[in-house]
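Q: Provide a 3D model corresponding to the input given below.
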Amino acid sequence: MLQSQFYPELEQADARQALFRCGVDHWQFDYTQSDGELRLNALDSPVLSFQRLHQMLDMLWSARRPGSLYLAPSLVDALPLVERHWQPADDGGLRVARAAFYQQREIWLSPALWPVAPAVDVAADCPGGRHPLRPALSDGLLYQKYLSATGEWFELRRAEVARDGELFHRWQNQPRVAEFWEEARSRQELDAYLQQQRDDAHSEPLIGYINGVPFAYIQSYWAREDRIGPYYEVEDFDHGFHLLVGDTRFLGRARTLAWLKAASHYLFLLDPRTDRLVGEPRADNERLIRYTADCGWRKLKEFDFPHKRAAL
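A: Got it, this is the predicted structure:
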């Protein structure tokens, strides 16, 4: 299970070993690296939870940049893995490719999000007259990811009116946010807005955290049921999001690029049938469009909503 506030530090990652610390606890991995593979041979403190182990492996991927990761046979039984995601090696060890590691939903998502919604259609007023049944989100910590570019931890929680209403009101009433969101309204109105997003099965309000500090609002949506659906050839599991950074201490190019990639990772993982993410920022929001271009997104066209000129 995801555990907030556990943020290990990677103190050393040279050619032979990596040393992690969190408070008074420490863990040392011994390894070799050749031909694009990092081979883990020993761990001096084998008692690790599933989450802590994979947080450290994630940090090793970032520090050493291997194409694949190998675990020696002596480590396979000692470490808590989801072995079906790993390939057996001839000597009894296990091997996983980088792309496979980052698709392991059990690492990054809350256990409440692991089940995939059944392939059942729901009749609706949207393109095609129906959409797939959508998974329901629970409250609490949903996603956690190490940001290697900044050495910080990014987390997502579902927004709650009682906990986040005051923060959301303050953020929306900042002039720099109101310019693009156009939601500079009263606390009562914005509380109702948040609750509406919670009640709407196609949209989810999320709060982004850096090292446990709330800094951003992210509103995800399923594109088929959203206003963007009629403006392009929408597919069933296209997922998108709107976003704002409310705490200006967390602005900056490196950090923004890092957590935008993490937020995209979360949306792909939430339903493994999602092949494409979409967005519709205001066409004149040049800074956001530049950021997304550096995160793997591409601008396809501009089009007109009733209320704005948008970029797809």
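Q: thought Phe168 was touching Ile218?
A: No. Phe168 is not in contact with Ile218 according to Cβ atoms under 8 Å; the separation is 11.7 Å. Where you see a C-beta, it was placed from the backbone N, CA and C, and this is true even at glycine.
Q: Just want to know which of these two has more residues nearby.
A: Phe168 (24 against 21; other Cβ atoms under 10 Å).
Q: can I assume that one sits in a helix?
A: Yes. Counting by DSSP: H, G, I helix; E, B strand; the rest coil, Phe168 is found in a helix.
Q: All further residue positions should be reported with the first residue as 30.
A: Yes, from this point I'll number from 30; that puts the last item at Phe197.
Q: Show the contacting residues for it.
A: Applying Cβ atoms under 8 Å, 6 or more residues apart in numbering, we find Phe197 in contact with 188, 219, 223, 246, 275.
Q: Nearest spatial neighbour of Tyr175, chain-adjacent residues omitted?
A: Counting by Cβ to Cβ, 6 or more residues apart in numbering, Asp87 is the residue found nearest to Tyr175 once chain neighbours are left out, at 5.1 Å.
Q: What is the three-state secondary structure of the one you found?
A: helix.
Q: Verify the stated contact: it with Trp182.
A: No. Using Cβ under 8 Å, Asp87 is not in contact with Trp182; the gap is 10.4 Å.
Q: Need the residues touching each of those two.
A: With Cβ under 8 Å, 6+ apart as the test, Asp87 and Trp182 both reach 174-175.
Q: that older thread, which of the contacts of Phe197 fall in strands?
A: Among those, the ones falling in strands (DSSP state E) are Tyr246.
Q: Buried ones among the contacts of Phe197?
A: 188, 219, 223, 246, 275 (16 or more other Cβ atoms under 10 Å).
Q: Among the contacts of Phe197, give me the pair with the biggest separation.
A: By the measure Cβ to Cβ, Leu223 and Gly275 form the most distant pair in the contacts of Phe197, at 13.4 Å.
Q: Just the endpoints, please. Distance across stretch 228-248?
A: 13 Å (Cα to Cα, to the nearest Å).
Q: Figure out how far that stretch is from the centre of its chain.
A: Centroid separation between stretch 228-248 and its chain, computed with Cα atoms, centre = their mean, to the nearest Å, is 11 Å.
Q: Could I get the buried residue list for it?
A: 231-239, 243-248.
Q: swap in stretch 40-57?
A: Neighbour-count burial for stretch 40-57 flags 42, 47, 49, 56 (criterion: 16+ other Cβ under 10 Å).
Q: same thing with stretch 158-178?
A: For stretch 158-178, using 16+ other Cβ under 10 Å, the buried residues are 160-161, 163-164, 166, 170-177.
Q: And what about the residue most central in space within the chain, helix, strand or coil?
A: In the chain, the centroid-proximal residue (Cα atoms, centre = their mean) is Tyr295; its distance is 3.0 Å. Assigned with three-state DSSP, Tyr295 falls in the helix class.
Q: so what's it up against?
A: 137-138, 171-172, 174, 185.
Q: Any chance of those residues in CSV with pLDDT and secondary structure as columns?
A: Shown next, in CSV, are the contacts of Tyr295 (pLDDT from 0 to 100; DSSP: H, G, I helix; E, B strand; the rest coil):
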residue, pLDDT, secondary structure
Trp137, 94, helix
Leu138, 95, strand
Leu171, 96, strand
Tyr172, 96, strand
Lys174, 94, strand
Leu185, 97, strand
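Q: Could you identify the most distant pair in these?
A: Distance extremes for the contacts of Tyr295: the farthest pair is Leu171 and Lys174 at 11.1 Å, using Cβ to Cβ.
Q: mind listing the strands in the stretch 180-329 of the chain by residue range?
A: Taking DSSP state E, counting those that start in this stretch, the strands of the stretch 180-329 of the chain run over residues 181-187, 232-239, 242-251, 268-274, 306-307.
Q: The chain: helices as residue ranges?
A: 79-93, 102-105, 127-130, 134-137, 190-201, 204-210, 216-228, 282-299, 315-322 (DSSP state H).
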